[in-house]
Structures are given as C-alpha cells and as structure tokens.
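Asks: what follows is a protein structure lacking sequence information:
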C-alpha cells in the first residue's frame, strides 16, 4: 500500500510539472535571480507560507511550523550560461539553461512546502526551506550563511538536500559518506609579447607557455597523486589568438581541481601554485591566477543520513544505495561544516536511456515523474526528524 504522503504528493504532480516547466524557461545566473525569486514568492504567498528574503542576494527562506526544534531543507535555483539543445517544447531561449536540474530542485522544495503546510499542525517543530542562488559558482550557500541563514531563531539543528541525476534510473535514491568532492576552480592568464607569426623570435609566445602549463598540470595528476586518492584536474577552457599568423599577447586557461580528502586537496592546490608560475617564468611569460570557486567536499553526518534513509524506506519501501557519489561539487558542503547535514542523489533518467546525458550538457533532459517523489521525501525526512527529537 502506498504511503499516504506519497498519495498526497502524487495528487500534486500535475501542478509540479507546470511549475517546473515555467521555471525551466527562465534560467538565471549566480546570486541575482529576480524572475525565479518572484516565482517562488508568488507560490509561497498562495500557500500562506511565511518567508524572508536575504537581500541583496536572491536567497529566500520559508518557515513552516513553530517551536525551537528546527530542520532545514535546501534546494538551489540557478542555471548555467549555455544555449539549450534539448528539443523540449518548453526549452529556455534566453541563452541560459537549467542543465543541472535546479528547476526540478526548486519545484520539489515548493512541493514539499505544500505538503508540510497541509501537515503544519502535526509538526513537532519548525521546518525551514532554503531556496538558494549561486550554487553553480559555489558562492550562494556561503553568502546566505554570512547573511545570517543559520543565526536566526529557530536555528537549524540539521540540514538535508537532494540533487537529481539525469543519467541515473528514475526514482533511485542514494548517497555516501562523501557524496560530492571538493572543488577548486581557477583561471590562469599568461602574458607574453605578441607579433607577427613569421618572426616568433621577436615575440614571447603565451600559447607555447600555455601548452607547457597544461602538460605540467597533467603530470601533477599522473606522477604526484596516488591512484587510490581519487583526484581530478581538468582544463576546460583554453583561449588565445585571433588569426593564424598573429602571435597573441596573452593566453587563458581555466579549469578545476577536485578531490575528496583534505590532504590530497591541500597537496594539489599547493603544487598547482608552485608549478604554474614556474612554468610560465621558464617561458618568459607573466602569470596571473584567479580563483573562481573554492569549496570543500560534502561530508554527511551519520545520524542525519541514517534518519533520512529510514524515512525514505518507510515512505517508498526501498533501501537507499549506500555508495552513490561523484566528483561533482556542491556548496551544501558549507552547511555541512556548520551543522549536521545529509545530501542525497535522486535518479531522474528518462525512460529512453539513449537520451541520457550528464549534467551540464546542452542536450540533457530530466524525468519529471520524480518531482512528486522528491517533494514527499523532503517532507517525510523533515517531519520524522522533528518527531524523533
């Protein structure tokens, strides 16, 4: 027999699909999400749910229930600067895209708000629902914390978050002790002396230096990090020049360093800052390093994780996967460093597996059938935690 909360969530499914598709068409970036914020506020107002906006960022925290015992649910809302190629009839056309599924996250948390509001008198405390901007640049959670997210009464004693996965069977739920890795995003600018391609001896070629920097960083992974340490270093952007016969003045490389263990992260970051300037200097180039994002790995609290797993089993009748993790990053990590937290993955692959793509792909599509499941999971996890306390 289906759990009553799942029946309630299922009844909301048509509305959740409508909300998700509306949000999918208005993806916005980083910390300022005016249209998305207005959408969330409108739905919360209609539910009669009280909330606070943490201006000037587009962070909003709704509160349901009463009392000092407090549990925090979190969903992110921002998109990515990429042109959508999903072919969906409700695809975004503003040059941005919800290619990580944050439109589903926002919808799921709104669905949870609807369920929790219907059961408000039963809550043994307060549930806070944190709609977060700026996750893609790992900046939104810390900005909200600095604005007082965790300081205002009632103070959250634990936190829970879900992330959908487009290349995982729909409805599969799982986590791990460290479900997401740390991230260190960087941009390197190498400066040389430009000139005519026919006389490289009169120039200082930053492209040549950039190639050597790239190769040196690959050697860092191959020769200085143990294979058992699970580390990744990727250069995802390499830009220089305008013409085939012109040596440019500068070259740009941007990339990311990811790992699970702090000692590995510290070693890689230290060596990165030793290698890049040294190689640049060897090829007579100036070097500037800009850090674009810096966030530790997500570390689940055993007690919060176990409580959520029990709630999910009671709700859905299934055990969670216990080793579901990846080297994606998540600034939910900042919350986990301050209060006990748990971060779970929810499979959202469409029925046609040939259409599965990873997150951040312009062709990625998500299975909307998981919206009701996610909303029910959020509500059940929060209700059970408060009751158990």
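Replies: Okay, I see it. Treat the numbers as computed from the prediction; the structure is a model and nothing was measured.

Asks: any idea how far residue 96 is from residue 109?
Replies: Using CB to CB, to the nearest Å, residue 96 is found at 20 Å from residue 109. Heads up, the C-betas are built off the backbone N, CA and C, glycines and all.

Asks: the two: who's more crowded?
Replies: residue 109 (26 against 18; other CB atoms under 10 Å).

Asks: not counting its neighbours along the chain, what's nearest that one?
Replies: Leaving aside its chain neighbours, residue 109 sits nearest to residue 75 (3.8 Å; criterion: CB to CB, 6 or more residues apart in numbering).

Asks: hey, where'd the helices end up in the stretch 151-300 of the chain?
Replies: With DSSP state H, counting those that start in this stretch, the ranges of helices along the stretch 151-300 of the chain come out as 206-224, 262-282.

Asks: ok, now the stretch 1-150 of the chain?
Replies: With helices called from DSSP H, counting those that start in this stretch, the stretch 1-150 of the chain shows them at 4-24, 34-47, 102-118, 140-146.

Asks: in the third one, what counts as buried?
Replies: Translated: helix 102-118. Applying a neighbour-count criterion of 16 or more other CB atoms under 10 Å, one finds 102-117 buried in helix 102-118.

Asks: same question, the last one
Replies: For helix 140-146, the buried set under the neighbour-count rule, 16+ other CB under 10 Å, comprises 140-145.

Asks: any idea which of those residues is closest to residue 212?
Replies: Checking these against residue 212 by CB to CB gives residue 142 as the nearest, at 34.5 Å.

Asks: list the contacts for that closest one?
Replies: Listed by CB atoms under 8 Å, 6 or more residues apart in numbering, the contact set of residue 142 reads 331, 334.

Asks: 6 Å - rerun?
Replies: Shown in contact with residue 142 (CB atoms under 6 Å, 6 or more residues apart in numbering): residue 334.

Asks: ok, it to residue 131 distance?
Replies: The spacing between residue 142 and residue 131, counted by CB to CB, is 16 Å.

Asks: ok, now residue 250?
Replies: 39 Å.

Asks: higher neighbour count, those two?
Replies: Shown here are residue 250 and residue 131; by other CB under 10 Å, residue 131 has more neighbours (30 against 18).

Asks: isn't the more buried one right next to residue 58, touching?
Replies: No: in this structure, residue 131 is not within contact of residue 58 by CB atoms under 6 Å, at 8.3 Å.

Asks: what residues are up against the closest residue to residue 329 other than its chain neighbours?
Replies: Of all residues not flanking residue 329 in the chain, residue 183 sits nearest, at 3.3 Å (CB to CB, 6+ apart). Shown in contact with residue 183 (CB under 6 Å, 6+ apart): 258, 293, 295, 329.

Asks: count of residues packed around the second one?
Replies: Around residue 293 sit 15 other residues, with neighbours defined as other CB under 10 Å.

Asks: what's near enough to touch it?
Replies: Contacts of residue 293 (CB under 6 Å, 6+ apart): 137-138, 183, 185.

Asks: mind putting those into a markdown table with pLDDT and distance to residue 47?
Replies: Converted to a markdown table, these look like this (pLDDT from 0 to 100; distance: CB to CB, whole Å):
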| residue | pLDDT | distance to residue 47 |
| --- | --- | --- |
| 137 | 92 | 30 |
| 138 | 94 | 30 |
| 183 | 96 | 35 |
| 185 | 96 | 37 |
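
Asks: find me the pLDDT at residue 257, would you?
Replies: Per-residue pLDDT puts residue 257 at 97.

Asks: what's it in contact with, if anything?
Replies: With CB under 6 Å, 6+ apart, residue 257 has these contacts: 184, 233, 268.

Asks: list the contacts of the last one.
Replies: Which is residue 268. Contacts of residue 268 by CB under 6 Å, 6+ apart are residue 257.

Asks: gap between it and residue 255?
Replies: Taking CB to CB, one finds residue 268 at 12 Å from residue 255.

Asks: do you know which of the helices of the stretch 151-300 of the chain lies nearest residue 17?
Replies: Nearest to residue 17 among those is helix 262-282 (39.9 Å), distances taken as CB to CB.

Asks: got the angle for the closest one vs helix 206-224?
Replies: Using axes from the mean of the first three to the mean of the last three CA atoms, to 10 degrees, the inter-axis angle of helix 262-282 relative to helix 206-224 is 150 degrees.

Asks: pull out the buried positions in helix 262-282.
Replies: Buried residues in helix 262-282, defined by neighbour count with 16+ other CB under 10 Å: 264-265, 267-269, 271-272, 275-277, 279-280.

Asks: show me which of those is closest to residue 26.
Replies: The nearest one, if we look at the buried residues of helix 262-282 relative to residue 26 and count by CB to CB, is residue 265, at 35.4 Å.

Asks: these two touch, right, the closest one and residue 271?
Replies: No: counting by CB under 6 Å, residue 265 does not reach residue 271; the two are 11.1 Å apart.

Asks: measure stretch 57-73 end to end?
Replies: From its first residue to its last, stretch 57-73 covers 19 Å (CA to CA, to the nearest Å).

Asks: sketch out the strands for the stretch 251-389 of the chain, chain order is fine.
Replies: Ranges of strands within the stretch 251-389 of the chain are 286-295, 341-349, based on DSSP state E, counting those that start in this stretch.
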